[in-house]
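Engineer: quick one, what's the 3D model for this:
(chains A and B)
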There are 2 protein chains.
Amino acid sequence: MRVLVPYDARNPKTRLDPLFSDTERRSFARTMLESVCRTLEATDRTPEILANRAIECDWPVTVDEQPLSDAVNTIIAESTESVAVVMADLALATPTALERLFDTDGQVVFAPGLGGGTNAMVVRDTSFRVDYHGTSISDHLAAARAIGLRPTVLDSFRLAIDIDGPQDCREALIHDADPAATWLRNAGFSLSVEAGEPTIVRGDRTTE
Amino acid sequence: MRVLVPYDARNPKTRLDPLFSDTERRSFARTMLESVCRTLEATDRTPEILANRAIECDWPVTVDEQPLSDAVNTIIAESTESVAVVMADLALATPTALERLFDTDGQVVFAPGLGGGTNAMVVRDTSFRVDYHGTSISDHLAAARAIGLRPTVLDSFRLAIDIDGPQDCREALIHDADPAATWLRNAGFSLSVEAGEPTIVRGDRTTE
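Structural biologist: Numbers count the residues shown, from 1 in each chain, chains lettered A, B, ... in the order given. Presented below is the predicted three-dimensional model:
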């Protein structure tokens, strides 16, 4: 099985702009990418980064400048084996959660993301094509059924949290999801609980 | 095992105020309560509603006017058997997800919620006490360890989504989580995908 980890090497995680400087945003995105790759290694898989430009790292990188869905579909179409796609911002992913994904039966297996994304999948029937635009989990389920496949949905919280926006970062802190949580704490972020609702705040660390 | 479903019968789901009228909010909260109870019945358990005032419904109701944590702890302290606590706003809960919870080993088993809540738990060692204030999943893990218990955390997306705020409602629609999804659609709500991000909108249904 090939295990793809798509990564926007040009301008990653733009929705985190309200929290971070550009340099920080790139550093945090890279921290999460490496975290996902190491978590995959802990399941005895070799991650293959699918990036829109070359990056230096410890894993094989396939560069494809096409939009994400096209780049993934090109690989699925050419593949003679199963293909897994695991997003690079799954800071809460654990080896156990990914093993559950890989061990789940189904011609296509989807791990939905908050807000309707498809955070991870295993494609065992390579006639399937992805389309990450919009509410992709609904579209992927419909697309699989349309070509006669029986999709399976994995019920995982740890794979459902993709770190897309500021609210997602608090989940990394709440669940001590390292290395992302340590990165955030080192950058001065912490949780503040007001009216019973935790939010992520950035304070002067010397006063904490 | 006793299975408690706490329910604020006085003023439920106040954070949904931006979406609903008062009457709608109570109706939607009641729809979710009944949904959770029926889902529990499908696992061959008898739900026991723990409410802060009497309500009429198809299940036994225990009325306790104490704050939530105190009311739950009173029952745990008196119980000679395991106690499960399942929140009344888990619109995405399925029998399979709840069976996973009940089948998970551990002296205490927690299903975390988005934002750090504890959406469902099984307490098999009745020396444990709950405290739902703040980031309760972290507090519950620490409290269990402090009295020598080994807690287990269940990795479930379906139990992690509690319908607390407007953004949570979109998850009910995305995943067709009935009866909540049908209630929302009948009230005129639908998903609108803008810039790749689905949000819940209320439109004139005749124009859809």
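Engineer: interface residues of chain A facing chain B?
Structural biologist: Within chain A, the positions near chain B by CB under 8 Å from any CB of the partner chain are A:94, A:96-97, A:100, A:112, A:114-116, A:133-135, A:137-138, A:155-160, A:170-171, A:174-175, A:191, A:193, A:196-198. Any C-beta I mention is one placed from the backbone N, CA and C, and that applies to glycine too.
Engineer: all strands for chain A, in order.
Structural biologist: Remark: strands assigned in chain A by DSSP state E are A:2-7, A:47-51, A:61-63, A:83-86, A:108-112, A:118-123, A:151-153, A:189-194, A:197-202.
Engineer: which parts of stretch A:186-203 are buried?
Structural biologist: The neighbour-count check on stretch A:186-203 (16 or more other CB atoms under 10 Å in any protein chain shown) flags A:189, A:191, A:197-198, A:200 as buried.
Engineer: what does stretch A:123-132 give?
Structural biologist: Buried residues in stretch A:123-132, defined by neighbour count with 16+ other CB under 10 Å: A:123-126, A:128-130, A:132.
Engineer: what sits against A:His133?
Structural biologist: A:69, A:139, B:196 (CB atoms under 8 Å, 6 or more residues apart in numbering or on different chains).
Engineer: now swap in A:Met121 and tell me
Structural biologist: Residues in contact with A:Met121 (CB under 8 Å, 6+ apart) are A:84-85, A:108-111, A:130, A:140.
Engineer: in the sheet, who's paired with it?
Structural biologist: For A:Met121, the beta-bridge assignment (DSSP bridges) gives partners A:Val85, A:Phe110.
Engineer: A:Ala144 versus the residue nearest the centre of chain A, what's the distance?
Structural biologist: In chain A, the residue lying closest to the centroid (CA atoms, centre = their mean) is A:Met87, at 2.4 Å. From A:Met87 across to A:Ala144, the span is 19 Å (CB to CB, to the nearest Å).
Engineer: quick check: longest helix of chain A.
Structural biologist: The residue-count maximum for a helix in chain A (DSSP state H) belongs to helix A:22-41.
Engineer: quick one: that helix to chain centroid distance?
Structural biologist: 10 Å (CA atoms, centre = their mean, to the nearest Å).
Engineer: same check, this time on stretch A:67-84
Structural biologist: In terms of CA atoms, centre = their mean, the centre of stretch A:67-84 is set 16 Å apart from its chain centre.
Engineer: go through it and flag the buried ones.
Structural biologist: A:68, A:71-73, A:75-76, A:82-84.
Engineer: where does chain A have low pLDDT?
Structural biologist: The model of chain A has pLDDT under 70 over residues A:204-208.
Engineer: let's go with 90 and repeat that
Structural biologist: Counting by pLDDT under 90, chain A shows low-confidence ranges at A:133-134, A:165-167, A:193-199, A:203-208.
Engineer: if we can go back for a sec, let's see which of the buried residues of stretch A:67-84 end up in helices.
Structural biologist: Judged by DSSP H, those include A:68, A:71-73, A:75-76 as members of helices.
Engineer: mind telling me the two of these farthest from one another?
Structural biologist: The most widely separated members of those, counting by CB to CB, are A:Leu68 and A:Ile76 (12.5 Å).
Engineer: and which of the buried residues of stretch A:186-203 is nearest chain B?
Structural biologist: Using CB to the nearest CB, A:Pro198 is the member of the buried residues of stretch A:186-203 that lies nearest chain B, at 5.2 Å.
Engineer: contacts only, for the closest one.
Structural biologist: By CB under 8 Å, 6+ apart, A:Pro198 lies in contact with A:170, A:174, A:191-192, B:115-116, B:134-135.
Engineer: state the distance from it to B:Gly115.
Structural biologist: From A:Pro198 to B:Gly115 the distance is 6 Å (CB to CB).
Engineer: ditto for A:Leu33
Structural biologist: Distance, A:Leu33 to B:Gly115, using CB to CB: 25 Å.
Engineer: swap in A:His140?
Structural biologist: From A:His140 across to B:Gly115, the span is 26 Å (CB to CB).
Engineer: what does A:Pro12 give?
Structural biologist: Distance, A:Pro12 to B:Gly115, by CB to CB: 25 Å.
Engineer: quick check: buried residues in the longest helix of chain A?
Structural biologist: So for helix A:22-41, counting by 16+ other CB under 10 Å, buried means A:25-26, A:28-37, A:39-40.
Engineer: next: stretch A:160-169.
Structural biologist: By neighbour count on 16+ other CB under 10 Å, the buried set for stretch A:160-169 is A:160-166, A:168-169.
Engineer: likewise stretch A:103-115?
Structural biologist: Neighbour-count burial for stretch A:103-115 [16+ other CB under 10 Å]: A:104, A:106-115.
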